[in-house]
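*Asks:* from the sequence below, what's the structure:
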Amino acid sequence: MIRVLENEFYYLDNFQRVLDWIGERYGDLLDEDEHAFLAAFPVLPRNARALFVRMVMRKGELFRASKLNYAEIGCPVEAAGHLLGTGWVVADPELTLDELFDLLSKPEILEAFGSRLRVKNARKAEQLEALREACADSLPFSHWYKDCPDLALRILVKPLCDRLRLIFFGNLHQDWTEFVLSDLGLFRYEQVEFSPDSRGFRQRRDVDHYLQLHACKERFAAGEPLDDVVEDLPWHAFDNDWLDSRREKLLFQIGQHYEKLKDWDKAYGVYARCRFPGARGRAIRVLEKHERFDLAYELLSAAQAAPESEAERQQLARIAPRLARKLGHAKLAPRRSQAVRRIDLCLPLPLDDWWVEGVVRDHLALEEAPVFYVENALANSLFGLLCWRAVFAAIPGAFFHPFHRGPADLHSLDFHQRRASEFAACLAELEDGRYQDTIRRNYAEKFGISTPFVYWDALTPELLDLALACIPASHLRRWCERILADVKTNRSGFPDLIQFWPREGRYTMIEVKGPGDRLQDNQLRWIDYCAAHDMPVAVCYLQWEQAA
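*Replies:* Model prediction:
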């Protein structure tokens with residue numbers, strides 16, 4: 001249910017809540033300016049604080065007072081007056097021509113520049129270019145637009161506020177709207193107990209490392225020369241594990257870009273120093289493309305002795321025969337896949353809107369054996385509902401603010417290990433039948449709460465009841481164990497459809513492939529796993545009937 005916010009200063013209270021949280025938990029990490037801000041902000045008049053927060057939450061750093069009209073604040077000029085002595089906001093700031101054009105409407109530009117504009121009806125961008133050479137200097141707003149009664153304001157401390165937001169959330173993609181969306185009931189989060197040592201950043205240099213890494217990531221995304229970005233990239237491992245995982249991911253992405261450019265030496269140099277999942281396999285592939293077959297085979301042999309995951313084992317099995325052939329080694333026997341039931345369908349092409357999985361679902365469905373399109377939703381949801389208390393266990397560092405969709409270390413290699421006893425207790429319920437009550441209870445009590453596993457929109461009561469009636473506990477345990485073995489990779493790749501026979505208490509999972517489509521690697525791994533453990537799975541190949 002969506003609530004209406006009665007407190008008109010809700011945004012100010014939320015901002016202060018963040019400052020209090022940071023002061024209480026991160027005081028030892030703050031620099032002098034941040035400490036001074038936390039001390040000075042609460043003693044300002046409420047209307048000044050509210051105006052400041054409105055500016056912080058809006059885009060950019062330049063504002064016109066006339067555009068800051070909020071009923072609860074009152075006169076923005078009066079409110080801004082209390083901020084001018086803080087050094088956080090400046091009135092009538094110096095502006096470049098580009099900044100001025102961002103603040104003015106087209107009629108105001110005509111009024112401000114008058115006869116200096118040769119073409120009055122030109123587009124705004126054309127007027128900007130026409131004035132650029134003659135108006136290269138920065139001037140106060142009042143000098144640019146002498147007859148304007150409005151006041152321009154520049155907020156100077158947005159970087160400081162961004163650092164505080166970063167310290168609170170542990171990232172820069174979450175912002176102040178999290179509070180509003182939560183207060184309105186649009187997003188709900190599990191309430192986790194926070195211990196004093198539950199902090200995303202443990203020392204000041206963690207914050208500095210994050211900002212350095214974020215700057216490199218932004219430059220990389222903007223298409224700056226890759227060598228320039230790499231030169232400023234931190235190559236040393238960070239002490240903070242979840243922060244270092246972000247560094248490793250960026251390294252992997254940079255390696256992929258070098259590979260796309262066919263710069264094999266630089267791609268290999270990045271992959272060789274990267275511990276992100278898949279980097280070693282990419283390094284072998286790059287060496288192969290660069291025809292450095294001996295080194296590629298040496299690295300492949302080491303990887304085969306201790307593969308990091310099923311995904312890497314699959315990749316190595318695909319590369320090994322090629323390298324063996326190029327080096328003149330004995331031909332390797334192909335790896336045998338598990339035998340899987342095949343369904344071949346030839347159906348008329350639908351006339352109305354359709355999708356391949358939906359066509360097959362509707363064709364196979366029987367009154368006594370309904371079929372559902374579930375893909376990754378069902379298995380992950382059952383796992384998430386059964387293991388809710390383990391996923392949201394208050395492990396130090398896993399949760400450090402009230403707006404976590406899941407634990408910060410969800411994709412770390414030791415995610416399961418750090419919660420081994422909690423997960424063992426959850427899976428033990430599959431042995432004595434308690435799991436069904438736990439899943440149903442969590443479905444009822446936790447419905448709608450943000451989670452990385454449960455697909456609330458897809459998991460209906462009917463689907464849940466059929467799943468619990470038809471999927472044996474031993475099969476559900478196998479699903480859970482495989483998800484836990486590699487959370488990042490094994491949460492995807494499940495078959496598209498599931499068909500239930502409730503009278504017989506059985507089911508079949510069905511992967512659907514339309515004309516010209518083929519099984520993806522993660523799908524092959526899940527199908528092979530299910531077949532190896534005697535779980536009913538089939539692959540349906542659909543062809544369209546040829547018109548007469």
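
*Asks:* make it CA atoms for all contacts and neighbour counts henceforth
*Replies:* Noted.

*Asks:* which residue is nearest the centroid of the chain?
*Replies:* His173 (8.7 Å; C-alpha atoms, centre = their mean).

*Asks:* show me where this protein has its strands.
*Replies:* Remark: strands assigned in the chain by DSSP state E are 62-64, 89-91, 94-95, 139-140, 152-155, 341-347, 371-373, 497-501, 506-513, 537-544.

*Asks:* could you export those strands as CSV, including distance to Trp354 and mean pLDDT?
*Replies:* Formatted as CSV, these follow (distance: least, C-alpha to C-alpha, whole Å; pLDDT from 0 to 100):
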stretch, distance to Trp354, mean pLDDT
strand 62-64, 49, 96
strand 89-91, 56, 97
strand 94-95, 55, 94
strand 139-140, 60, 93
strand 152-155, 52, 97
strand 341-347, 13, 93
strand 371-373, 14, 97
strand 497-501, 16, 98
strand 506-513, 14, 96
strand 537-544, 13, 95
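
*Asks:* mind putting these in CSV, mean neighbour count included?
*Replies:* Listed next are the strands of the chain as CSV, based on neighbours: other C-alpha atoms under 10 Å:
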stretch, mean neighbour count
strand 62-64, 20
strand 89-91, 21
strand 94-95, 20
strand 139-140, 16
strand 152-155, 22
strand 341-347, 13
strand 371-373, 22
strand 497-501, 23
strand 506-513, 22
strand 537-544, 19
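
*Asks:* out of those strands, which comes closest to Gly358?
*Replies:* Judged by C-alpha to C-alpha, the one of the strands of the chain that comes nearest to Gly358 is strand 371-373, at 7.4 Å.

*Asks:* pairing partners for the closest one, with directions?
*Replies:* With DSSP bridges as the test, strand 371-373 is paired with strand 497-501 (antiparallel).

*Asks:* got the angle for the partner strand vs strand 506-513?
*Replies:* With axes from the mean of the first three to the mean of the last three C-alpha atoms, to 10 degrees applied, the angle from strand 497-501 to strand 506-513 works out at 160 degrees.

*Asks:* who touches strand 497-501?
*Replies:* 357, 361, 365, 368-375, 466-467, 470, 506-512 (C-alpha atoms under 8 Å, 6 or more residues apart in numbering).

*Asks:* and stretch 364-379, by the same measure?
*Replies:* Stretch 364-379 is contacted from outside by 357-358, 361-362, 454-455, 458-459, 463, 476, 479, 491-503, using C-alpha under 8 Å, 6+ apart.

*Asks:* do that again at 6 Å, thanks
*Replies:* 361, 455, 492, 494-501 (C-alpha atoms under 6 Å, 6 or more residues apart in numbering).

*Asks:* thinking again about what came up before, let's have the strands of the chain in a markdown table, adding distance to Ala320.
*Replies:* Below are those laid out as a markdown table (distance: least, C-alpha to C-alpha, whole Å):
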| stretch | distance to Ala320 |
| --- | --- |
| strand 62-64 | 59 |
| strand 89-91 | 63 |
| strand 94-95 | 62 |
| strand 139-140 | 66 |
| strand 152-155 | 59 |
| strand 341-347 | 28 |
| strand 371-373 | 36 |
| strand 497-501 | 33 |
| strand 506-513 | 28 |
| strand 537-544 | 27 |
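
*Asks:* do you know which of these lies nearest Ile449?
*Replies:* Using C-alpha to C-alpha, the nearest of the strands of the chain to Ile449 is strand 371-373, at 22.7 Å.

*Asks:* what number of residues lie near Val119?
*Replies:* Residues near Val119, counting by other C-alpha atoms under 10 Å, number 12.

*Asks:* I meant Ala444, not that one.
*Replies:* By other C-alpha under 10 Å, 11 other residues sit near Ala444.

*Asks:* and what of the one 10 residues further on?
*Replies:* By the other C-alpha under 10 Å criterion, the neighbourhood of Val454 contains 25 residues.

*Asks:* does it touch Ser381 like I think?
*Replies:* Yes: with contact defined as C-alpha atoms under 6 Å, Val454 counts as touching Ser381 (4.0 Å).

*Asks:* so where's the stretch 301-450 of the chain shaky on pLDDT?
*Replies:* 332-337 (pLDDT under 70).

*Asks:* can we see that at 80?
*Replies:* Along the stretch 301-450 of the chain, segments meeting pLDDT under 80 span 331-338.

*Asks:* quick one, helices of it?
*Replies:* 310-326, 356-364, 377-386, 388-391, 420-432, 435-445 (DSSP state H, counting those that start in this stretch).

*Asks:* what's the closest non-adjacent residue to Asn240?
*Replies:* With C-alpha to C-alpha, 6 or more residues apart in numbering as the criterion, Asn240 has its nearest non-adjacent residue at 7.0 Å, and that residue is Asp206.

*Asks:* tally up the residues packed near that neighbour, please.
*Replies:* 19.

*Asks:* and Glu133, by the same measure?
*Replies:* 9.

*Asks:* now it: phi and psi?
*Replies:* Main-chain dihedrals, Glu133, degrees, to the nearest 10: phi -70, psi -40.

*Asks:* next, the contact list for it, please.
*Replies:* With C-alpha under 6 Å, 6+ apart as the criterion, no residue contacts Glu133.

*Asks:* and the pLDDT for it?
*Replies:* pLDDT, Glu133: 80.

*Asks:* the residue nearest to the centre of the chain and Arg246, how far apart?
*Replies:* 13 Å (C-alpha to C-alpha, to the nearest Å).

*Asks:* same check on Asp486?
*Replies:* Asp486 is 17 Å from Arg246, by C-alpha to C-alpha.

*Asks:* about what we covered before: determine which stretch of the helices of the stretch 301-450 of the chain is the most buried.
*Replies:* helix 377-386 (a mean of 24; mean count of other C-alpha atoms under 10 Å).

*Asks:* that one to helix 435-445, inter-axis angle?
*Replies:* 90 degrees.

*Asks:* ok now helix 377-386, how far from the chain's centre?
*Replies:* Relative to its chain's centre, helix 377-386 lies at 20 Å (C-alpha atoms, centre = their mean, to the nearest Å).

*Asks:* quick one: it to helix 420-432, angle?
*Replies:* 110 degrees.

*Asks:* and for the residue nearest to Asp162 when sequence neighbours are not counted, the neighbour number?
*Replies:* Excluding the flanking residues, the one nearest Asp162 by C-alpha to C-alpha, 6+ apart is Leu172, at 7.6 Å. The local packing of Leu172 (other C-alpha under 10 Å) involves 15 other residues.

*Asks:* one more: Leu117?
*Replies:* Leu117: 17 neighbours (other C-alpha under 10 Å).

*Asks:* now do Asp102
*Replies:* Asp102 has 10 neighbours, counted by other C-alpha under 10 Å.

*Asks:* for it, give its distance to Ala125.
*Replies:* Asp102 is 11 Å from Ala125, where distance means C-alpha to C-alpha.

*Asks:* with Ala365 instead?
*Replies:* 59 Å.

*Asks:* repeat that for Tyr297.
*Replies:* Tyr297 is 57 Å from Ala125, where distance means C-alpha to C-alpha.

*Asks:* who's more crowded, the two?
*Replies:* Tyr297 (19 against 10).

*Asks:* grab the nearest non-local neighbour of that one.
*Replies:* Here the nearest residue to Tyr297 in space, its sequence neighbours aside, is Leu323; by C-alpha to C-alpha, 6+ apart that works out to 6.5 Å.
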